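> can't give you the sequence, but here's the structure:
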């Protein structure tokens, strides 16, 4: 198939998807997390040489339940055949979700993208005054296990839009809960929130950081994280005391 024929086939399928499975380009933009609708509009324009990439196909599959296989060159832009292919995929997807339960789901494509080594970046919970940054490796495994450089271990659980990681260090009895959006995984850099106990204390805290496949310099990590006060929040102990004051003893 010639390049212009492939481009026209993808444009036809993208039009079909937009018109039959969405409320328009704006909905696609918001769901898959792109900043501008310009690129999406270019996929529909006959005069544009832009064509939908694998990243967009995977994001559309995740958020609209439209299979990546629909975009293959062997599949013609035939309305009835496309609808059947999508219907078969959605029925299979629904059965898999019912089998694994409604809270978490089995998403093989997301899991495959997640498995492997990630660079982890976040501010230190102890040395706030110095703005020290921790950078270390985290490994996501095929059996849903997560382990990092410090030997903190846990499991990850995939939800419809987010993934949660529950970890515990070998020397602590407390959990760390990490939450991140699934859509980020496609782009190989993932921002996360983490609720944990500050190291060496019993103080609770919420902070943000990011995973990345790419190795960043310390300067770039600081640029991406921003100021520490914007990505780290410690529990107001006054609030904790006020809650404890309301304890009911029977």
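On my side now, so go ahead. Predicted, not measured: the structure shown is a model, and the values here were computed from it. Residues are numbered from 1 along each chain as shown.
> how close does the residue nearest the centre of the chain get to residue 63?
A centroid search over the chain (Cα atoms, centre = their mean) returns residue 182, at 2.2 Å, as the residue closest to the centre. Plainly put, residue 182 is 9 Å away from residue 63 if you go by Cβ to Cβ, to the nearest Å. All C-beta spots, glycine's among them, are computed from the backbone N, C-alpha and C.
> if we can go back for a sec, hang on, isn't the residue nearest to the centre of the chain packed against residue 111?
No: contact criterion Cβ atoms under 8 Å: residue 182 and residue 111 do not qualify, at 10.3 Å.
> list residues touching both of these two?
residue 158 (Cβ atoms under 8 Å, 6 or more residues apart in numbering).
> confidence score at residue 14?
Per-residue confidence at residue 14 stands at 95 (pLDDT).
> who touches the helix or strand harbouring residue 87?
Using DSSP states H and E, residue 87 maps to helix 79-100. Residues from elsewhere that reach helix 79-100, judged by Cβ under 8 Å, 6+ apart: 13, 16, 20-21, 65-67, 69-70, 75, 105-106.
> give me that answer again for 7 Å
The contact list for helix 79-100 (Cβ atoms under 7 Å, 6 or more residues apart in numbering) reads 13, 16, 65-67, 70, 75, 105-106.
> can you select the buried ones from those residues in PyMOL?
Filtering the contacts of helix 79-100 down to the buried ones (16 or more other Cβ atoms under 10 Å) takes a single PyMOL command:
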select buried, resi 13+16+66+67+70+105
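> out of the contacts of helix 79-100, which sit inside helices?
13, 16 (DSSP state H).
> among the contacts of helix 79-100, which two are most distant?
Largest separation among these by Cβ to Cβ: 16 and 106, giving 27.4 Å.
> show me the strands in this structure, by range?
For the chain, applying DSSP state E gives strands covering 116-123, 133-140, 145-148, 153-158, 162-168, 175-181, 189-197, 204-212, 232-234.
> average pLDDT for the third one?
Translated: strand 145-148. Strand 145-148 shows an average pLDDT of 95 in the prediction.
> got it, and the fifth one?
Computed over strand 162-168, the mean pLDDT rounds to 94.
> what of the last one?
Averaging pLDDT along strand 232-234 gives 79.
> roughly how far out does that strand sit from the chain middle?
Its chain's C-alpha centre and that of strand 232-234 lie 22 Å apart, by Cα atoms, centre = their mean, to the nearest Å.
> surely residue 28 and residue 40 touch.
Yes: contact between residue 28 and residue 40 holds when scored by Cβ atoms under 7 Å: they sit 5.7 Å apart.
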